[in-house]
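# Quick one, fold the following:
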Amino acid sequence: LDHQREFFRTAPEFAKEAGVGGWVFDPANDPAKAWELRSLLAQHQIEVRVLKRDVTQEDRVFKAGEAWVVPAAQPQARLLAELFTDRTEFESTAFYDISAWSVPMAFNLPFAKLTTGAMSGLAGDAIPLSARPQGRVIGSRDHVVAYLVPAMGADVPRVLARLGKANIGAQVITKPLGMAPAGSTEVMAFDAGAILIPVGRQLNLSAKIEAVVDEIVGHDAVDVVALSGGLTPMGNDLGSPSWVTVKQGRVAILIGGGLSPYDAGEIWHTLDARWNLPVVLLDVEDITRADLSRYDAIAVVDGTYGSLSESAIVDLKSWTQSGGTLIAFARATKWAAEKLGVKIEFVDELKPAAVERQPFGDSDDLERAKKIPGAIFAAEADMTHPLSFGLADDQVPVFREGTLVMKASKSPYGTPLVYADAPLLAGYAPADQVKRIGGQAAAVVEPLGKGVVVALSDNAVFRGYWFGGMRLLSNAIFFGPAMKPVGVSEEEDASHE
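The predicted structure follows:
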């Protein structure tokens, strides 16, 4: 008890000696993600306050009244120092678990560390943990022809899940546009990735659509815009070819054999608990007996796939070629390249250094130092690609483990996510591996017949709390048909076989 009491009593002194006054971050106009972060911090009794005046850090302005500030001088100062750290240098490379936990990076929220002096007068009123935020309907609901959901927001996948479960058709816009809400002349701008819910073309479902819209604004932190006409003052009109039908969201996750139960569980948790999206856990031994046509997307997680039979591989390839979306993570990307004929290429592994005699007792530490135990890397997103729709920024912190690295696609349109040239943001990675990863692909999208393969270098929803990557997963599930570039013929796709 004395140790515990001293831990909290000396917290302000610890923060002062560290020279850290606190951290400021921007909820980035995403109330759902902001609430999830506030909830996480509240679980650990961490105080969050409103920013009282504007702060400029590294050319970014954090606005008073909008941004949040977390003072370092509070009882959980030591925990905060780890949750918000961007450390990349360590005395030891022997890690029990991963080497970086940065919460703002995991949530992909703009943040900055403040010195003790810079914190003076910044902390305003405390921000309590309130009820989960809700949305609203913008515009008159009389004579509605369609509803439009903005692209950005952590709850958009929940919206898509509700529509899919209700068998309500929806489309995603692939080009920005402007529309005025019903009953208004003020034009609102919508980014690519906004979701159209047609009412006029689904009159038999109009009552169900109205009920689901009520569910959305009552339970999800998403605004829904009512439209009374199909002509757009900016961009393509409703019904344009740039509007692509979204998938219903019927998902299977492969499990069993040599596949990672951790990754499968983390993806399952995200889909089931966070998005209320029904998921089937499909054992690799049951693939040939399953009706794969029931699924829009199949997730193949990290692991070894030696236990898959040739007939199972044929079934998965045929399903993808018939229009399915195969989402491959980490080592599954190499399996897809080797067994399904997907055109993904990989960066050569580093050549072993000349063998030098070393003490046997140091072998564990020396071998660990060659690995990436779990670190945070910077990636740059093509914001026009459907995989990136709804991201708040083109700079995306991604979590990665292991040294398998994909090359950019041979297609100029097939690499929606690339690592920055100097990619390490937080955690440990060997310098030669950081250099090797810089500028390479973090995501590759390749057509296969009528379907598409989305290859991600690592688990986009690591530990089920990596909110910054969740839209990558949801976009892969729902927007697969929008990811095939215009002009790619099935004859060209056949060359992948």
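# okay, CA-based contacts and neighbour counts for the rest of this
Noted.
# From the centre of this protein, point out the most distant residue.
Among residues of the chain, the one most distant from the C-alpha centroid is residue 357; the distance is 44.0 Å, by C-alpha atoms, centre = their mean.
# ok, that one to residue 366 distance?
12 Å (C-alpha to C-alpha, to the nearest Å).
# just residue 259 next, same as before
For residue 259 relative to residue 366 (C-alpha to C-alpha), the value is 28 Å.
# Same question for residue 237.
Between residue 237 and residue 366 the distance is 61 Å, computed by C-alpha to C-alpha.
# before we move on, what about residue 174?
According to C-alpha to C-alpha, residue 174 and residue 366 sit 49 Å apart.
# cool, and residue 422?
Counting by C-alpha to C-alpha, the gap from residue 422 to residue 366 is 24 Å.
# Where does the prediction get shaky in the stretch 1-150 of the chain?
The model of the stretch 1-150 of the chain has no residue with pLDDT under 70.
# and the closest residue to residue 216 other than its chain neighbours, what are its phi and psi?
Nearest residue to residue 216 in three dimensions, chain neighbours excluded: residue 159, at 6.3 Å (C-alpha to C-alpha, 6 or more residues apart in numbering). Per-residue torsions, residue 159: phi -60, psi -50 (degrees, to the nearest 10).
# what does residue 426 give?
With angles defined as degrees, to the nearest 10, residue 426 sits at phi -160, psi 150.
# for residue 411, same thing?
Here is the backbone geometry of residue 411 (degrees, to the nearest 10): phi -80, psi 140.
# try the one 5 residues further on
Its backbone dihedrals place residue 416 at phi -70, psi -10, with angles given as degrees, to the nearest 10.
# Could you check which of residue 259 and residue 366 has the larger neighbour count?
Shown here are residue 259 and residue 366; by other C-alpha atoms under 10 Å, residue 259 has more neighbours (22 against 15).
# Tell me what that one is bridged to.
Note on residue 259: beta-bridge partners by DSSP bridges are residue 303.
# Show the contacting residues for it.
301, 302, 303, 304, 305 (C-alpha atoms under 8 Å, 6 or more residues apart in numbering).
# Quick check on the residues you listed: which are buried?
The neighbour count (16 or more other C-alpha atoms under 10 Å) marks 301, 302, 303, 305 as buried among the contacts of residue 259.
# In CSV, list those along with distance to residue 146.
Formatted as CSV, the buried ones among the contacts of residue 259 follow (distance: C-alpha to C-alpha, whole Å):
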residue, distance to residue 146
301, 37
302, 40
303, 43
305, 45
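# Do I have it right that residue 345 meets residue 406?
Yes: using C-alpha atoms under 8 Å as the test, residue 345 is close enough to residue 406 to be in contact (5.9 Å).
# So for those two, which residue has more residues nearby?
For residue 345 and residue 406, the more surrounded residue by other C-alpha under 10 Å is residue 406, and the numbers stand at 24 against 18.
# Can you tell me the closest non-neighbouring residue to that one?
In space, residue 406 is closest to residue 346, 4.3 Å off (C-alpha to C-alpha, 6+ apart).
# can you count the residues close to that neighbour?
Other residues lying near residue 346 total 15 when counted by other C-alpha under 10 Å.
# so how far is residue 400 from it?
Applying C-alpha to C-alpha, the value for residue 346 to residue 400 is 16 Å.
# ok, and for stretch 355-370, which residues are buried?
Neighbour counts over stretch 355-370 (16+ other C-alpha under 10 Å) mark 369, 370 as buried.
# Could you tell me the end-to-end distance of it?
Stretch 355-370 stretches 14 Å from its first residue to its last (C-alpha to C-alpha).
# same check, this time on stretch 332-345
Length of stretch 332-345, first residue to last, C-alpha to C-alpha: 13 Å.
# Can you point out the buried residues in that stretch?
Those would be 332, 333, 334, 335, 336, 337, 340, 341, 342, 343, 344, 345, for stretch 332-345 by 16+ other C-alpha under 10 Å.
# How much space separates the second one from residue 285?
For residue 333, the distance to residue 285 under the criterion C-alpha to C-alpha works out to 20 Å.
# Check the first one too.
For residue 332, the distance to residue 285 under the criterion C-alpha to C-alpha works out to 17 Å.
# Repeat that for the last one.
From residue 345 over to residue 285 the distance is 28 Å, taken as C-alpha to C-alpha.
# for the fourth one, same thing?
According to C-alpha to C-alpha, residue 335 and residue 285 sit 17 Å apart.
# what's the neighbour count on residue 15?
24.
# OK, contacts around it?
21, 72, 73, 77, 78.
# Distance to residue 11, secondary structure and neighbour count for those residues - can I get that in JSON lines?
Formatted as JSON lines, the contacts of residue 15 follow (distance: C-alpha to C-alpha, whole Å; DSSP: H, G, I helix; E, B strand; the rest coil; neighbours: other C-alpha atoms under 10 Å):
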{"residue": "21", "distance to residue 11": "12", "secondary structure": "strand", "neighbour count": "21"}
{"residue": "72", "distance to residue 11": "9", "secondary structure": "coil", "neighbour count": "30"}
{"residue": "73", "distance to residue 11": "7", "secondary structure": "coil", "neighbour count": "21"}
{"residue": "77", "distance to residue 11": "5", "secondary structure": "helix", "neighbour count": "24"}
{"residue": "78", "distance to residue 11": "7", "secondary structure": "helix", "neighbour count": "18"}
